[in-house]
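A.B. asks: Sequence plus predicted model, see below.
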Amino acid sequence: MTTPDIRVEKGHAEPEEVAAITAVLLARAAAQPSTDPADSTPKPKAGWRRLEREGGFRAPHSWH
């Protein structure tokens, strides 16, 4: 028994519509990620700090 790779959950799709969405999905799956070095630059660090990484004690006169 063969099961279809794509199934219409609601409504009715014509064979041409199913073929079109299949072509789009296959093209997206075959696309290679960009190898441009500008795309692989490291992301900047966040300007705020996580509370669980902070020290447990702060002086009473200090504030953040």
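C.D. replies: All right, it came through fine.
A.B. asks: shaky segments in the protein?
C.D. replies: Confidence mapping of the chain against pLDDT under 70 gives the ranges 1, 34-40, 46-56, 62-64.
A.B. asks: Could you rerun that using 50?
C.D. replies: For the chain, no stretch has pLDDT under 50.
A.B. asks: Could you pull out the helices in the protein for me?
C.D. replies: 15-30 (DSSP state H).
A.B. asks: which ones are touching P33?
C.D. replies: Listed by Cβ atoms under 8 Å, 6 or more residues apart in numbering, the contact set of P33 is empty. Yep, even glycine has a C-beta here, placed from its N, CA and C like the rest.
A.B. asks: And for A27?
C.D. replies: With Cβ under 8 Å, 6+ apart, A27 has no contacts at all.
A.B. asks: Next one: it from V8, what distance?
C.D. replies: 20 Å (Cβ to Cβ, to the nearest Å).
A.B. asks: residues near D5, how many?
C.D. replies: The number of residues packed near D5 is 8, by other Cβ atoms under 10 Å.
A.B. asks: Name all residues that make contact with it.
C.D. replies: Shown in contact with D5 (Cβ under 8 Å, 6+ apart): T22.
A.B. asks: switch to 7 Å and redo it
C.D. replies: Shown in contact with D5 (Cβ atoms under 7 Å, 6 or more residues apart in numbering): no residues.
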